[in-house]
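A.B. asks: have a look at this fold, sequence not included:
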């Protein structure tokens with residue numbers, strides 16, 4: 001990338017970057033409970049993502065709003081991408097280096 005291509009970015013503030021935004025749409029995720037078979041939508045704040053060293057230790061979890069069960073489901077690469085992009089809190093159990 002050339003110097004001229006990045007020079008305008010250095011002077012940008014957070015306020016100017018988001019100046020045109022009027023509101024932020026909350027992301028919701030469709031989920032289901034294996035215990036009560038309930039289907040519902042959850043806000044990003046209701047989900048937790050854990051990224052482990054292997055696919056067996058990478059999962060997301062939530063509490064079913066209908067029956068109160070703790071639900072834990074595996075998270076493949078695409079699910080991880082969607083959840084992190086949607087603002088879900090993430091806990092990394094391994095180094096990414």
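C.D. replies: Received the coordinates, thanks. None of the values given here were measured: they were computed from a predicted structure. Residues are numbered from 1 along each chain as shown.
A.B. asks: where along this protein do the strands fall?
C.D. replies: Per DSSP state E, the chain carries strands over the ranges 28-32, 39-43, 48-51, 59-63, 70-74, 89-92.
A.B. asks: give me the distance from the first one to the chain's centre.
C.D. replies: Put simply, strand 28-32 sits 12 Å off its chain's centre (Cα atoms, centre = their mean, to the nearest Å).
A.B. asks: other SSEs contacting it?
C.D. replies: Using 3 or more Cβ pairs under 8 Å, 6 or more residues apart in numbering; DSSP states H and E as the contact test, the elements touching strand 28-32 are strand 39-43. Where you see a C-beta, it was placed from the backbone N, CA and C, and this is true even at glycine.
A.B. asks: any chance you could list what contacts the strand it packs on?
C.D. replies: Residues from elsewhere that reach strand 39-43, judged by Cβ atoms under 8 Å, 6 or more residues apart in numbering: 26, 27, 28, 29, 30, 31, 32, 33, 62, 64, 65, 66.
A.B. asks: show me which residues of that strand are buried.
C.D. replies: Under the neighbour-count criterion of 16 or more other Cβ atoms under 10 Å, strand 39-43 has residue 42 buried.
A.B. asks: averaged pLDDT, it. What do you get?
C.D. replies: The pLDDT scores in strand 39-43 average 96.
A.B. asks: tell me the angle that strand makes with strand 59-63.
C.D. replies: Orientation check (axes from the mean of the first three to the mean of the last three Cα atoms, to 10 degrees): strand 39-43 against strand 59-63 gives 100 degrees.
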